[in-house]
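*Asks:* I'll drop the sequence and a predicted model, then ask my questions.
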Amino acid sequence: MGVLNDFFERLGFKKWVEVGNSGMFRPEMLRPMGLPEDVTCIAWGLSLERPTMILYGIDNIRDLFGHKVDLSLIKRNPICRLGIN
């Protein structure tokens, strides 16, 4: 955890930020795939929404995702540079 802590401190984060998530698929999600009832399936992934929101000063995740997103954010910031000027 020390490496991640140092990495995010260098980016300017002052507190812990969610960057990943995980969980288990429910049986009704696996059934249409033809998997037996006794199969357990886990999932995980990176979630960079929160650090991006902090970096760009976005308060509401709906300003980053969804059909009402203001595309001028993308036009002003074409590449995510992670604090590199």
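*Replies:* Happy to help now that I have it. Numbering: from 1, shown residues only.
*Asks:* okay, domains of this protein per the record?
*Replies:* As assigned by automatic domain parsing, the chain contains the domains 16-47, 49-85.
*Asks:* buried ones in the longest one, by neighbour count?
*Replies:* Along domain 49-85, these residues count as buried under the neighbour rule (16 or more other Cβ atoms under 10 Å): 50-51, 53-55. C-beta: built from backbone N, CA, C; applies to glycine.
*Asks:* just put those in TSV and tack on secondary structure.
*Replies:* Below are these laid out as TSV (DSSP: H, G, I helix; E, B strand; the rest coil):
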residue	secondary structure
R50	helix
P51	helix
M53	helix
I54	helix
L55	helix
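*Asks:* show me where this protein has its strands.
*Replies:* 20-24, 42-46 (DSSP state E).
*Asks:* which residues of the chain score low on pLDDT?
*Replies:* The model of the chain has pLDDT under 70 over residues 1, 78-85.
*Asks:* mind running it again at 50?
*Replies:* In the predicted model of the chain, no residue satisfies pLDDT under 50.
*Asks:* most centrally placed residue in it?
*Replies:* S47 (1.8 Å; Cα atoms, centre = their mean).
*Asks:* alright, I will stop here.
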